[in-house]
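1. Here's a sequence, model it:
(one chain, ligands or ions: 1)
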Amino acid sequence: MIKRTYDGAQRSVLLPAMEAQGLRPNQKLGQNFLVDPNMADAIVAAAGDLSDKQVIEIGPGAGALTVRLLEKAAQVTAVELDAGLFRLLSQHVPQAQLIHEDALKIDWSAVIGNRPVAAVANLPYYITTPLLFRLLQETKADPLVLMMQKEVVGRLCASPGGKEYGALSVMVQYGAEVETVLTVPPQCFYPVPKVDSAVVRIRRRPPQTPAGDEAWFETVVHACFKQRRKTLLNNLSALLGRDKARDVLAKTGIAENSRAEQLSIAQFVSLTNASKA
Ligand code: SAM
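-> Sure thing, here's the model as predicted:
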């Protein structure tokens, strides 16, 4: 746990630090830097006690969150793709374990040690979903406190019955409690993005209704949401064939003309187990 001498969340610090390295924000890499120290504090606070944890951060940028994480965590591992920002971080935040790599390609097992792991990051929005699934499937990070587009946070937290509820909501809520902890206005960033942002906290827990085969669960959920305007019978028929789809719906007591967005996670599990048999 290390005291900070540099604060990348302050505009008056970030701009000269970037200029000194000849850097400008690269839109293609989703570079909108958090320039609000209070918001950066609140994001790190949302992760709770990190004193025994290795925190993994994706896209540390100019270190707005990294310097705060270093003060609270046992270890900080930050993966940054941009060579210029990696240079900047090496100069200003050398206490972190800095890795110059694509977070979509990194082998997490090679960088994660023996401590419990948490993930805290202001994600690059253009790859939010694949990054989220890599973190969930390839690490045991818990909690995950992640800033992303507000619209995606809405989908992650959605309940059955609404337009936002989809495969993403089901897959994540199956094994975790998911909640919005902060909404972050565009003015908190440099440059100001065109979209609204929010911070989600994901806390793992055992599935409330476990599926017998989780890979098949994922296949079934995606098939059910494949064409949202179609009935469940039609979507399931594309996966199972008409007769089997009818049979599975009858066995689980789910109406043929219902839509995927109306089903609870327990009902998706029933469909999974009944269709596997
Ligand atoms: N954490 C900083 C902050 O809060 O100000 C920067 C966040 S910015 C939204 C996203 C960061 O992710 C940028 O630093 C960008 O260079 C980095 N990035 C983009 N694609 C990446 C990838 N595939 N792997 C690792 N970092 C990536």
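
2. Tell me the predicted confidence for the residue nearest to Leu263 when sequence neighbours are not counted.
-> In space, and not counting its chain neighbours, Leu263 is closest to Pro160: 6.2 Å by Cβ to Cβ, 6 or more residues apart in numbering. Placement of C-beta: from N, CA and C, glycine included. At Pro160, the model reports a pLDDT of 97.

3. which residues touch Pro160?
-> With contact set as Cβ atoms under 8 Å, 6 or more residues apart in numbering, Pro160 has these partners: Glu261, Gln262, Leu263, Ser264.

4. do the same with Asp102
-> Taking Cβ under 8 Å, 6+ apart as the definition, contacts of Asp102 comprise Leu81.

5. Test my guess that Ala198 contacts Leu182.
-> Yes: under the criterion of Cβ atoms under 8 Å, Ala198 is in contact with Leu182, at a separation of 6.5 Å.

6. which neighbours do the two share?
-> Common neighbours of Ala198 and Leu182 (Cβ under 8 Å, 6+ apart) are Met147.

7. in stretch 224-233, what's buried?
-> Along stretch 224-233, the positions that meet the burial threshold by neighbour count (16 or more other Cβ atoms under 10 Å) are Cys224, Phe225, Lys230, Thr231, Leu232, Leu233.

8. export these to a markdown table and tack on distance to the ligand?
-> Output for the buried residues of stretch 224-233, formatted as a markdown table (distance: Cβ to the nearest ligand atom, whole Å):
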| residue | distance to the ligand |
| --- | --- |
| Cys224 | 30 |
| Phe225 | 26 |
| Lys230 | 34 |
| Thr231 | 39 |
| Leu232 | 36 |
| Leu233 | 40 |
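
9. Now compare those and name the two farthest from each other.
-> Among the buried residues of stretch 224-233, the pair separated by the greatest distance (Cβ to Cβ) is Phe225 and Leu233, at 14.1 Å.

10. Could you tell me the end-to-end distance of stretch 58-67?
-> 14 Å (Cα to Cα, to the nearest Å).

11. next one: stretch 244-264
-> Taking Cα to Cα, the span from the opening residue of stretch 244-264 to its closing residue is 21 Å.

12. sorry, back to before: out of the contacts of Pro160, flag the one nearest to Asp142.
-> Proximity to Asp142 was ranked across the contacts of Pro160 by Cβ to Cβ; first place goes to Ser264, at 23.8 Å.

13. what's around the closest one, how many residues?
-> Other residues within reach of Ser264 by the criterion other Cβ atoms under 10 Å amount to 15.

14. can you pull the pLDDT of Ala45?
-> The predicted local confidence for Ala45 is 98.

15. phi, psi of it?
-> According to degrees, to the nearest 10, the main-chain angles of Ala45 amount to phi -60, psi -30.

16. What separation is there between Glu261 and the ligand?
-> Taking Cβ to the nearest ligand atom, to the nearest Å as the measure, Glu261 falls 30 Å from the ligand.

17. That residue touches Ser159, doesn't it?
-> No: Glu261 sits out of contact with Ser159 when judged by Cβ under 8 Å, with a separation of 10.1 Å.

18. more crowded one of those two?
-> For the pair Glu261 and Ser159, the greater number of neighbours falls to Glu261 (19 against 10), based on other Cβ under 10 Å.

19. what sits against Cys157?
-> Residues near Cys157 by Cβ under 8 Å, 6+ apart: Ser169, Val178, Glu179, Thr180, Val200.

20. Select only the buried ones of these in PyMOL?
-> Below is the selection syntax for PyMOL that covers the buried ones among the contacts of Cys157, with 16+ other Cβ under 10 Å defining burial:
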select buried, resi 169+178+200
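
21. before we move on, back to that, mind putting the contacts of Pro160 into CSV with secondary structure and pLDDT?
-> Rendered in CSV, the data for those read as follows (DSSP: H, G, I helix; E, B strand; the rest coil; pLDDT from 0 to 100):
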residue, secondary structure, pLDDT
Glu261, helix, 96
Gln262, helix, 96
Leu263, coil, 97
Ser264, coil, 98
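
22. Now Thr183, what are its backbone angles?
-> When quoted as degrees, to the nearest 10, the phi and psi of Thr183 stand at phi -110, psi 140.

23. Relative to Val181, how far out is the residue nearest to it when sequence neighbours are not counted?
-> Counting by Cβ to Cβ, 6+ apart, Ala198 is the residue found nearest to Thr183 once chain neighbours are left out, at 4.8 Å. Here the criterion is Cβ to Cβ, to the nearest Å. By it, Ala198 lies 8 Å from Val181.
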